[in-house]
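Q: I would like the atomic coordinates for the input below:
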Amino acid sequence: MTSQATFRTNLLLATVVPLFFLLLIEGASRLIESFSPDKEESMTLDMPSWMVEAHNSPKTFSTKELQWMKLFQSGEGYRVHLQPNISALIPDTFSWTKYLPGAGFEVHSNEKGFRILPPEHQSEQPPQKRIIFFGDSSTFGWGVDGKESYPFRLQEELKEKGLSEEYQIANFAMPGDSSEFGRLLFDHFAPTEMGDIAVLSFGANDARLSSVPHRSQVNRFQEQALLQSVRGALTAHSAFVRFIDKALQPPLKTVAENNRTAAVPLKRYKGNMRHMIRKSREYGAKQVLLVAVCSPAPYARALKRVAQNEGALYYNAQVHLRNLIPSLQKEKKYASTVKEMKASYGGLLKKQPVLYVTSDGCHPNKIGNHVIAKRLAKMLSQG
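A: Predicted coordinates:
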């Protein structure tokens, strides 16, 4: 055997043999994963329910209930985004009516990993104006199909107002984002994606108690951007990597309740919102609108002050929705939908009237999203 042939043989062995063993390990890991009994593991999450303070406390969910989290992956320099180009049905884990039929919603994502309408609901007309959204789960449209979420409903409402322009909606909202995490995402996408109108809606996750302030987590997302992205991709596709990742996870520490503080203090919250308003204008937005959807009063008031000082539009959707409940109870508005809700929910609506406008004391339901979209359309059409 010549030296060249020997070299080729050694090179082949050096590449094929390790690859074979990696494939063998991956196959074994997938086999073990598929036959492993589901452990009754659980996770405790801080769920903001600012419209019903008594429910505003950490809640425990089984890992099975949170399987949808696998649809999200780490961003490059920001917290998370959806897996790109997916269509999925997500169970509404947080809904107070989740055990009733139909407590799930469709999610579709674009190539960047952000929510879009399904193809059959996308306009074929070239857009003349663009509205961009940054926010948390309420703006993401948690609990409702995309076409029912207020960012996309806004398109239809503007048409009904007689506006001739075709609007394109770009929704960069992500569940769990505070103004701190949202600012990271904003700074990443706003310079190239900014629209004629910017809608900013944070507060629900800023106010919730946290053992680790969100600002201290920002450096990790920025400095480990590529590492987090690679880790997310590997754990999504490899059972062996998932096994190693889980084994290396540090044990969760129990933190005393009195050691927890607001994830984003009010002063920092106001600074983040000012930053996004000013940068939105710098990047070309003609109008900036701040929306309080699910925020405790101090954060809603702070948002209003920032809007007034910066000359931005402001809308307290949470107060608007709460004030609408008596009319809904009497079926003076959305009568057919309300009748369906009464038939499905029974006495639960009497116990928790906020279910007329939300699914869980925070996230707007179908009616809530429609109401918000109508009000935004009115505000924007009036200039």
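
Q: Low-confidence ranges, the stretch 51-200 of the chain, go.
A: 53-54, 101-102, 164 (pLDDT under 70).

Q: just the helices in the stretch 101-250 of the chain please.
A: Using DSSP state H, counting those that start in this stretch, the helices of the stretch 101-250 of the chain run over 137-140, 150-160, 179-193, 204-207, 214-223, 225-237, 239-248.

Q: Do you have the strands of the chain handy? List them.
A: Per DSSP state E, the chain carries strands over the ranges 42-46, 58-62, 72-74, 80-82, 87-91, 104-109, 115-116, 129-135, 167-171, 197-201, 209-210, 261-262, 287-292, 313-316.

Q: Out of the ones you listed, which is the most enclosed?
A: Ranked by mean neighbour count, these are led by strand 197-201 with a mean of 26 (mean count of other C-beta atoms under 10 Å). In this view, the C-beta of every residue, glycine as well, is placed from N, C-alpha and C.

Q: Sheet partners, orientation included, of it?
A: Using DSSP bridges, the strands paired with strand 197-201 in its sheet are strand 129-135 (parallel), strand 287-292 (parallel).

Q: Throw those strands into CSV and include distance to Glu156, thanks.
A: Conversion of the strands paired with strand 197-201 to CSV gives the following (distance: least, C-beta to C-beta, whole Å):
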stretch, distance to Glu156
strand 129-135, 13
strand 287-292, 18
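
Q: What score does the closest residue to Ser95 other than its chain neighbours have for pLDDT?
A: Nearest non-adjacent residue to Ser95, counting by C-beta to C-beta, 6 or more residues apart in numbering: Ser359, 4.4 Å away. Looking at Ser359, its pLDDT is 94.

Q: what about Ser359, how many residues close to it?
A: Ser359 has 23 neighbours, counted by other C-beta atoms under 10 Å.

Q: And it, how far from Asp92?
A: As judged by C-beta to C-beta, to the nearest Å, Ser359 and Asp92 stand 6 Å apart.

Q: Find residues that contact each of those two.
A: Shared contacts of Ser359 and Asp92, defined by C-beta atoms under 8 Å, 6 or more residues apart in numbering, comprise Gly143.

Q: Pretty sure the residue nearest to Ser95 sits against Gly143.
A: Yes. In terms of C-beta atoms under 8 Å, Ser359 counts as a neighbour of Gly143; the distance is 4.4 Å.

Q: on that earlier part again, show me the residues around the residue nearest to Ser95 that make contact.
A: When contacts are counted by C-beta under 8 Å, 6+ apart, Ser359 touches Asp92, Phe94, Ser95, Trp96, Thr97, Gly143, Asn365.

Q: mind redoing it with 6 Å?
A: Ser95, Gly143, Asn365 (C-beta atoms under 6 Å, 6 or more residues apart in numbering).

Q: just the residues you listed now: which is nearest Val107?
A: Relative to Val107, the closest of the contacts of Ser359 is Gly143; by C-beta to C-beta it sits at 10.8 Å.

Q: Quick check: nearest residue in space to Gln222, chain neighbours excluded?
A: Leaving aside its chain neighbours, Gln222 sits nearest to Gly77 (5.6 Å; criterion: C-beta to C-beta, 6+ apart).

Q: quick revisit: go through the strands paired with strand 197-201 and name the closest to Asp187.
A: strand 129-135 (10.3 Å).

Q: Now do the closest one and helix 179-193, the angle between them.
A: 160 degrees (axes from the mean of the first three to the mean of the last three C-alpha atoms, to 10 degrees).

Q: how far out from the middle of the chain is strand 129-135?
A: What separates the centre of strand 129-135 from the centre of its chain is 14 Å, taken as C-alpha atoms, centre = their mean, to the nearest Å.

Q: which residues touch it?
A: For strand 129-135, contacts defined as C-beta under 6 Å, 6+ apart pick out 139, 151, 165, 167-173, 182, 186, 195-202.

Q: mind checking how far Ser42 is from Ala263?
A: Ser42 sits 22 Å away from Ala263, taking C-beta to C-beta as the criterion.

Q: just Gly368 next, same as before
A: For Gly368, the distance to Ala263 equals 24 Å [C-beta to C-beta].

Q: try Gly162
A: From Gly162 to Ala263 the distance is 42 Å (C-beta to C-beta).

Q: Those two: which is more packed in?
A: Ala263 (24 against 7).

Q: Pretty sure that one sits against Ser179.
A: No. Counting by C-beta atoms under 6 Å, Ala263 sits too far from Ser179 to count as a contact (9.4 Å).

Q: any residues in contact with both of these two?
A: With C-beta under 6 Å, 6+ apart as the test, Ala263 and Ser179 both reach Asp206.

Q: need the contact list for Met51.
A: Counting by C-beta under 6 Å, 6+ apart, Met51 touches Val354, Gly361.

Q: swap the cut-off to 7 Å and go again
A: Residues counted as contacts of Met51 (C-beta atoms under 7 Å, 6 or more residues apart in numbering) are Gln318, Arg322, Val354, Thr358, Gly361, Cys362.

Q: What count of nearby residues applies to Lys333?
A: Lys333 has 14 neighbours, counted by other C-beta under 10 Å.

Q: which residues sit in contact with it?
A: By C-beta under 7 Å, 6+ apart, the contact list for Lys333 reads Leu324, Ser327.

Q: If we use 6 Å, what do you get?
A: Going by C-beta under 6 Å, 6+ apart, Lys333 touches Ser327.

Q: same thing with Asn272?
A: Asn272 makes contact with Ser179, Arg183 under the criterion C-beta under 6 Å, 6+ apart.

Q: Tell me the spacing between it and Gly141.
A: According to C-beta to C-beta, Asn272 and Gly141 sit 22 Å apart.

Q: now Phe133: how far from Thr93?
A: According to C-beta to C-beta, Phe133 stands 23 Å off from Thr93.

Q: Actually, Leu117.
A: 23 Å.

Q: okay, now Gly284: neighbour count?
A: 13.

Q: so it makes contact with Glu193?
A: No. If you go by C-beta under 6 Å, Gly284 and Glu193 don't touch, sitting 10.3 Å apart.
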